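# Predicted model, plus sequence, below.
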Amino acid sequence: MNNVSAILPATNKTKCVILAAGLGARHGPLTDQLVNRFANVKPLLPVAGRRIIDFSIAAAGELGLRELEISAGMHWQLFRKMLLASRSMTYSLPGYEDFRINIVPGERPRDTLGDAIAPFENKSLEDDDTVIIMSSDIVHNLDLKPALKKHRENKASATVVVHKIDWNNPEWETRSFPLVVTSEMPALNLGKQKRWKFEDDLNNYVEEARGEIKEVTDFIEKTKRDECPSNLSIASIYFFSGQFFKELMSLFSPKETKYAFSDFGFHVFPLLVDKHKTKSNKFDEIKKKIKNGQHPFYAYFPLETGYDGQPLYWNDIFGPLALWKMNMDALHNSQLIKTWIGKDVKYRNESWGWVGSESYISEGVRIGDIPERSYYQDGITIVGNNVTISEGVKIGRSFIDDHTHLQPGTEIFDSVISLGFDRPYSYIGRTNLVNCLVLGEGFPPNFADISLLRNALVFNVPYFDGFGIVPLQLKPDLSNLRGL
C-alpha cells in the first residue's frame, strides 16, 4: 500500500461514507427478489472476482483510512450476512486487512443526502473534518489523495470528482448525466461554431486540467447531447467540509415533505450554483453565504493513472448489460485483474488466468479458447473457489463464481456465472453460453439440455422450480421473459 502519511496528515479527521441503500431498480432481475429467487443487492454483484463495493472500499484504503460507514438502508441485514459480520465488523479485502466497517441500517429509502447523513445522527462531526461520500455502484481506480489534498488546500465547502463522458456514448440517448460547467471551460455557442471544434477544445481543456481543481459555475442534470455545454459528469464521489456538511444535515427534509431537501443531484448541487428553487425561508442564510463566496464549490480532474499504477478507469454499473460489459473489460485487461486478484492468496495463476482454492478441473478441459466472433480477441478466465469443472468443458474469457459445477460438455464464452444471494450451488449442464449473464442456480441437472444461449440474462424464478431468460439489455424488458 502507498505511504500517504506525508500527503494526508490527520487522517482521523477524514470520515468516509459509502452509499449502498439504493433499490437497484434499473437492474431488474439481478436485484428484484420478486422476480429472481437469488437476487442480490447491487453493490454485492460480482466484477471478475470482486464485489462492486470492494472498489470503493479499496479507494478509501488507499487514502490511509481504516474505518468507514456503509449506509445500507433496508439492506443492512444482507450486507451483514454477505460480509459475515455484525453491524460493526473487521473486513479483510486483499491488501487492506483489518478494515473496520460500520453498517448503518435504515427503515426506508431516504435519497442520497438522507443516506449520507445517517451515520452522523449518533456520531460527532467537527467543522474541520472532511466528509467523503462515495457511491457503491461504481468500479474505478481513482487516486483520491490529490483530490483530498486540493480540497483541503483550497478550503472548499464541496468538491466533486468528475470524469469525461465520451460524446459517442450511446447512453446519451437513454439517461441523463449529472454534468458540471467549470471556470475557464470553452463555451458552446450554438449556431456560431462547429460542434467538433467545441468538443476538441473541451477535450484539450480536460487534459490540461488533470490533477487540478476548477471552480464549478453551473450544474446541469438533464439536457440533449448536441445542446450540452459540458461532458464532465460527476463521478459519484464528493468531498465536503465538516462545517458545510453539518449545515446540510440541518437542512435535510425527506422527499415526501413539502420543502424536500434530500438528494445531492436534485437539491445540494443546484443549491451550490444558486439553482435551488424553494419558497422556504430556512434556506435564506445558506444562500446568502453561497452568493458571498463563503461556500466555494470545486471539481477535481483525476490523473490519467490510478492508485494501482494502471490507466484510469471508471464505470457506473447502470444495468445488467453494463455489469456484463465491465466483467468483459476486466477480463480483457489481465494486468488490471492482477492488481486485485494477485493480492488474494486464495487464487493461483494459470496460463489462461486465475483459479481459486479447492477447485477441481478434470483432464481434457479446455480453458482459454476464444471464438473468432468475440467481444475481444484476447483475455483471461477466472475460476472461483470450490468450483468443479467436468470433462469436455470449454471456457473462454469468462468468470465462473464460487460453488459452481460445470457438467460434461458445457461450453462458456464471454459469460459470467454470478454469485446469487443465499445460493447453495450452481449447475450449468451441457449448454453453450455466449455473451450471457447467469445469476443463481443456473440449470439444475433435472432440466432438459439447452443447446445454445446467446446475449441472455438468466435467473431463477421464485415460487417454482424453474428459471427465466430475457435478452441481455441496458434495461431488461420482462415482457420478453421466457420461463423454463
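Yep, it's here.
# now the strands: where do they sit in the stretch 251-400 of the chain?
For the stretch 251-400 of the chain, applying DSSP state E, counting those that start in this stretch gives strands covering 297-300, 314-316, 348-350, 353-355, 360-361, 366-367, 381-383, 388-389, 394-396, 399-400.
# any idea which of these is most buried?
Among the strands of the stretch 251-400 of the chain, ranked by average contacts under mean count of other C-beta atoms under 10 Å, first place goes to strand 399-400 (a mean of 28). Every C-beta, even on glycine, is put in place using the N, C-alpha and C of the backbone.
# what residues does it touch?
Residues from elsewhere that reach strand 399-400, judged by C-beta atoms under 8 Å, 6 or more residues apart in numbering: 46, 48-49, 327, 331, 381-384, 387, 389, 406, 412, 415-418.
# Of these, select the buried ones using a PyMOL command.
Only the buried members of the contacts of strand 399-400 end up in this PyMOL selection, burial being decided by 16 or more other C-beta atoms under 10 Å:
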select buried, resi 46+48+49+327+331+381+382+383+384+387+389+406+412+415+416+417+418
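# okay, the strands of the stretch 251-400 of the chain in JSON lines with mean pLDDT and distance to residue 282 next?
Formatted as JSON lines, those follow (pLDDT from 0 to 100; distance: least, C-beta to C-beta, whole Å):
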{"stretch": "strand 297-300", "mean pLDDT": "98", "distance to residue 282": "20"}
{"stretch": "strand 314-316", "mean pLDDT": "87", "distance to residue 282": "33"}
{"stretch": "strand 348-350", "mean pLDDT": "86", "distance to residue 282": "59"}
{"stretch": "strand 353-355", "mean pLDDT": "89", "distance to residue 282": "55"}
{"stretch": "strand 360-361", "mean pLDDT": "94", "distance to residue 282": "64"}
{"stretch": "strand 366-367", "mean pLDDT": "92", "distance to residue 282": "62"}
{"stretch": "strand 381-383", "mean pLDDT": "91", "distance to residue 282": "52"}
{"stretch": "strand 388-389", "mean pLDDT": "93", "distance to residue 282": "61"}
{"stretch": "strand 394-396", "mean pLDDT": "92", "distance to residue 282": "59"}
{"stretch": "strand 399-400", "mean pLDDT": "91", "distance to residue 282": "50"}
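# In CSV: the ones you listed, plus distance to residue 268.
Listed next are these as CSV, based on distance: least, C-beta to C-beta, whole Å:
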stretch, distance to residue 268
strand 297-300, 10
strand 314-316, 19
strand 348-350, 45
strand 353-355, 41
strand 360-361, 51
strand 366-367, 48
strand 381-383, 39
strand 388-389, 50
strand 394-396, 46
strand 399-400, 37
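# For residue 427, find the nearest of these.
With C-beta to C-beta, the closest approach to residue 427 among these belongs to strand 388-389: 9.8 Å.
# Neighbouring strands of the closest one in the sheet, and parallel or not?
Here strand 388-389 is paired, per DSSP bridges, with strand 360-361 (parallel), strand 404-406 (parallel).
# distance between the helix or strand encompassing residue 239 and the chain's centre?
Taking DSSP states H and E as the criterion, residue 239 maps to strand 232-241. For strand 232-241, the separation from the chain centroid amounts to 14 Å (computed by C-alpha atoms, centre = their mean, to the nearest Å).
# ranges for the strands of the stretch 1-150 of the chain?
So, for the stretch 1-150 of the chain - with DSSP E, counting those that start in this stretch - the strands run 14-19, 46-47, 50-51, 67-73, 88-93, 96-105, 130-135, 138-140.
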